[in-house]
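Novice: A predicted structure for the sequence below; I have some questions about it.
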Amino acid sequence: MPPTLGRFDMTATYICALFLLTNAVIGATGGPVSLIYLVLGGIIFFIPCVIITAQLGVMFPYEGALYNWTYKALGSYWSFFVGLCYWLVGVLAAITAADAFVTVLQGLNNAWLPQPWQQGLVILAILLLAAVIGTRRFRTTQNVVNGIVCLTLVAVVLVGLAAVVWLATGHASATNFIQPEGWSINPGNFSLFGIITLNFIGASGPLNMAGEISESGAGGRRRIIKRHLLWGTLIVFACYFVSTLAVLVVRGQAILNAPVLPFEAFTTVNVVLGRVAGNIAVICFLGYCIAAAIFYTYASARVLMVAGIDQRIPAHFGKLNKNRVPAYAVIFQTFCAAVVVVAIFIIVPYVVPFGGNAANTLVSIYSVNSAATTLVWTIATLFFFLNVIFLYRRHPLSFRQQRLFPMPIIWGSVVIGGVACLVTIVGVLAYSWIPPLIANGQWWYIVGGLTLVCLVAAAVGSMVANSQADWETMGKV
């Protein structure tokens with residue numbers, strides 16, 4: 001495939017993969033302690049993931065990222081399993097990005113798109129647009145993503161500037177940062193760790209296109225991989241911290257009474273800088289939602305492409321169109337996402353109403369879906385650390401020769417990051433993200449059950465796909 005990606009491309013893609021402005025608002029619901037969870041998640045989860053991603057990325061800078069790394073470390077069976085986990089997350093993440101688009105539209109006008117089926121139709125339109133763009137020449141697609149990511153950073157600057165102007169003009173902070181109780185970590189806010197951890201999952205996403213990184217210049221792919229992870233990590237963490245802090249300073253606990261909670265980032269700008277600046281921030285974020293849907297579509301399609309080339313699924317998933325991109329994989333990815341959208345937004349809310357009406361049912365389904373996505377993604381992330389252990393056991397000399405960091409840092413990242421994954425899994429299962437609608441006692445088996453169903457469905461689907469691939473292989477003999 002054409003090696004067209006440079007450092008800026010990879011950094012922009014990295015930001016697109018990990019930063020979601022509306023998630024910063026949801027994380028701020030805990031008050032000052034949200035900042036503790038944000039820093040804690042960054043130290044014990046995000047940084048270890050980035051260190052191990054960098055190490056594996058420079059050792060195996062090829063298409064498929066985690067699929068490829070796991071194949072080298074654990075063999076074909078586990079690589080296919082973790083590849084399916086990542087692919088499944090890509091389907092759900094593209095839907096999440098499109099749903100954030102709908103949420104912001106509702107924040108602009110609460111009367112817009114009141115019915116779940118209307119929201120579903122908008123999401124389907126965005127997924128279709130992402131598929132069309134994702135099948136164009138990759139340089140063109142990447143230019144679209146790069147431009148929109150720059151607009152996303154403009155939105156973050158406006159949110160941060162609103163907090164600065166708010167304090168500079170003599171207003172008191174809407175959140176009391178002096179009160180010790182606000183910084184207290186307790187069972188009542190344990191769920192924040194899982195929510196905030198979701199912000200930092202996906203460091204390996206851009207490396208699904210590692211085979212398309214340009215080899216020109218000093219250091220080639222190795223240098224680009226290291227630099228985009230370094231600068232991307234700093235920018236992503238700064239964006240989350242600035243956005244969360246700004247919302248706490250300007251809005252405080254008023255966000256808990258907001259009709260559309262994620263829209264409070266833009267309310268922060270509206271209140272301080274005026275509606276024109278607020279509308280600019282909204283437009284920038286709406287563009288981001290489309291870019292994120294594009295990214296998760298083409299990044300996850302690369303996993304299908306590699307599996308097709310590997311003859312783990314039917315070979316046509318590995319074929320490229322005239323633009324030299326895996327169009328079959330993109331189309332299949334979009335079809336699967338569309339099936340999920342139809343089920344979640346158009347069928348289930350009206351067939352099995354939960355909480356008295358379709359709207360409450362949709363909130364419940366969306367929250368459970370997000371939690372299940374976090375679980376599946378965390379399970380896949382756990383393989384980062386397992387891969388390092390097995391690669392070192394198999395090839396200790398080669399591993400040491402290619403290491404980027406001292407071995408104590410690598411092993412420390414493996415231990416801390418692995419434990420953080422396990423803590424995240426327990427936290428997501430044990431503490432409900434929507435206590436008013438689903439209690440903790442029900443939450444764990446609903447979310448756990450859905451996660452198990454997803455994994456079993458992926459396993460069954462993989463067996464069918466693998467059988468088809470074997471049949472195709474036999475037909476060529």
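Specialist: Structure's in. What do you need?

Novice: ok, R223 to Y392 distance?
Specialist: Distance from R223 to Y392, counting by C-beta to C-beta, to the nearest Å: 24 Å. Bear in mind the C-beta positions are built from the backbone N, C-alpha and C, glycine included.

Novice: Those two: which is more packed in?
Specialist: Y392 (19 against 14; other C-beta atoms under 10 Å).

Novice: for the strand or helix carrying that one, packing partners?
Specialist: Applying DSSP states H and E as the criterion places Y392 in helix 358-394. Applying 3 or more C-beta pairs under 8 Å, 6 or more residues apart in numbering; DSSP states H and E, one finds that helix 358-394 contacts helix 47-59, helix 66-74, helix 76-108, helix 116-134, helix 191-199, helix 348-351, helix 407-430, helix 440-476.

Novice: residue contacts, Y298?
Specialist: Taking C-beta atoms under 8 Å, 6 or more residues apart in numbering as the criterion, Y298 is in contact with 134, 138, 141, 209, 325, 330.

Novice: pLDDT weak spots in the stretch 101-250 of the chain?
Specialist: 216-219 (pLDDT under 70).

Novice: cool, the stretch 251-400 of the chain as well?
Specialist: 352-363.

Novice: ok, 90 please
Specialist: Within the stretch 251-400 of the chain, the stretches with pLDDT under 90 are 253, 255-263, 304, 306-319, 340, 343-380, 394-400.

Novice: Next, the contact list for the spatially closest residue to W78 that is not a sequence neighbour, please.
Specialist: In this structure, W78 finds its nearest non-sequential neighbour in T70, 5.5 Å apart by C-beta to C-beta, 6 or more residues apart in numbering. Contact analysis of T70 by C-beta under 8 Å, 6+ apart lists 78-79, 82-83, 383, 387.

Novice: Could you rerun that using 10 Å?
Specialist: Applying C-beta atoms under 10 Å, 6 or more residues apart in numbering, we find T70 in contact with 56, 64, 76-83, 86, 380, 383-384, 386-387, 390-391.

Novice: re earlier: list buried members of the contacts of Y298 by neighbour count.
Specialist: In these, burial by neighbour count holds for 134, 138, 141, 209, 325, 330, counting by 16 or more other C-beta atoms under 10 Å.

Novice: any idea how far the fourth one lies from T374?
Specialist: Distance check for M209 against T374: by C-beta to C-beta, it reads 24 Å.

Novice: same deal with the fifth one?
Specialist: The span separating V325 from T374 equals 29 Å under the rule C-beta to C-beta.

Novice: now the third one
Specialist: Computed with C-beta to C-beta, the distance linking T141 and T374 is 27 Å.

Novice: that older thread, may I see the ChimeraX selection of the buried members of the contacts of T70?
Specialist: Of the contacts of T70, the buried ones go into a single ChimeraX selection, burial set by 16+ other C-beta under 10 Å:
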select :56,64,78,79,80,81,82,83,86,380,383,384,386,387,390,391
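
Novice: what would the helices and strands packed on helix 358-394 look like in JSON lines with distance to L151?
Specialist: What follows is the helices and strands packed on helix 358-394, written out as JSON lines (distance: least, C-beta to C-beta, whole Å):
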{"stretch": "helix 47-59", "distance to L151": "25"}
{"stretch": "helix 66-74", "distance to L151": "29"}
{"stretch": "helix 76-108", "distance to L151": "14"}
{"stretch": "helix 116-134", "distance to L151": "16"}
{"stretch": "helix 191-199", "distance to L151": "20"}
{"stretch": "helix 348-351", "distance to L151": "33"}
{"stretch": "helix 407-430", "distance to L151": "31"}
{"stretch": "helix 440-476", "distance to L151": "33"}
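
Novice: For N23, which of the ones you listed is the nearest?
Specialist: Checking the helices and strands packed on helix 358-394 against N23 by C-beta to C-beta gives helix 191-199 as the closest, at 5.3 Å.

Novice: about what we covered before: for the helices and strands packed on helix 358-394, which one sits closest to L234?
Specialist: helix 47-59 (10.1 Å).
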